[in-house]
Each structure stands twice: as structure tokens, then as C-alpha cells.
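Trainee: Have a look at this prediction, sequence included:
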Amino acid sequence: MGKRRKARELVMQFLYQHDFTGESGDDTLALFLREHEMDAETSAFCTGLIRGTIAKKSEIDAIITKYVDNWDISRIATVDLNVIRMAIYEMLNVADIPPIVSINEAVDIAKKYSTAESGKFVNGILDKIKKELVDAHGKKPS
């Protein structure tokens, strides 16, 4: 498994934990990172995704709400929701990662940690967002 894949899986786990505990402070994050061995580069990538996704959670959830047809965001499985949140943050805010990579990683993580149908569900939402928010602007919006 690649370093960034490992980081993304840990990000999904932290975001899942955050949904249930509400904790995301520096102490909580430091403890979480200590529990998982990784090099400094992977830790920095993981930390950036966690902090960024949590900081923009309201904006990201508004985007998700716009793109899920006939679904209330509260009905989305927690793993799927957090994988989608992470991928949206990454697509819109991490310049060195092509959006298609963010989508593929999210789909693979959803398949691994959620249901058999999660990959299709996650892909469908993220593909719509990519087409309208990323491709339509010719670049990632800031």
C-alpha cells in the first residue's frame, strides 16, 4: 500500500471518529497519529487532509447536499460520507493531486471499508462534482 493511500485511510478513520466524538483538537490528533506509524511526509499529508476537511466541513457538506439526488446527507453511511468529504477537500484544495486520483482513491477506500455498493455511490457523487466544480472551471477552484 502506498503512503498516501495509508494516509487517506487514516484520515477516513479519524473523520469517522470525529463524527461520533466531536473531538479534533491538537491533542486528539497527536494521539491518533502516534498510534499509527508513518514517516514525516505521510504524517504531514494525513494531518493536512484531516485539518482541512474538518475546517471546511460545512462548505463540503453543502456541496454534497447539492449533488445527492433525493437523499438527505444524514442518510449517507458514515464511512461513505467521510470518504466523500475527504475527496472533495482534496479535489478542491490540494493542487498537486489530479481530481481523478482523489476519486479513484475514495472509491477504493469506500469499497474496502463500507458496503459492496459504496464504490458506485461514492464514484457517482464525486464524478458529478468533478465535472461541475473542477472541469467546468478549467482548474480547481480555490
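Mentor: Everything's here; your move. Residues are numbered from 1 along each chain as shown.

Trainee: low-confidence ranges in the chain?
Mentor: The chain contains residues with pLDDT under 70 at 1, 24, 134-142.

Trainee: At which residues are the helices of it located?
Mentor: Ranges of helices within the chain are 3-21, 26-34, 40-55, 57-67, 78-93, 99-113, 118-129, based on DSSP state H.

Trainee: Pick the most buried one from those.
Mentor: helix 78-93 (a mean of 24; mean count of other C-beta atoms under 10 Å). C-beta coordinates here come from the backbone N, C-alpha and C atoms, glycine included.

Trainee: List the residues that contact residue 107.
Mentor: Residue 107 makes contact with 119, 122, 123, 126 under the criterion C-beta atoms under 8 Å, 6 or more residues apart in numbering.

Trainee: swap in residue 25?
Mentor: So residue 25 contacts nothing (C-beta under 8 Å, 6+ apart).

Trainee: ok, the spatially most central residue of the chain - contacts?
Mentor: Closest residue to the average C-alpha location of the chain: residue 86 at 1.3 Å, with C-alpha atoms, centre = their mean. Shown in contact with residue 86 (C-beta under 8 Å, 6+ apart): 8, 11, 12, 15, 49, 53, 106.

Trainee: Compute the distance between it and residue 70, please.
Mentor: Residue 86 sits 24 Å away from residue 70, going by C-beta to C-beta, to the nearest Å.

Trainee: okay but residue 119 is in contact with residue 112, surely?
Mentor: No - using C-beta atoms under 8 Å, residue 119 makes no contact with residue 112, being 9.1 Å away.

Trainee: which residues sit against stretch 54-71?
Mentor: By C-beta under 8 Å, 6+ apart, stretch 54-71 touches 15, 18, 24, 53, 73, 76, 81, 84-85, 88-89, 93, 125, 128-129, 132-133.
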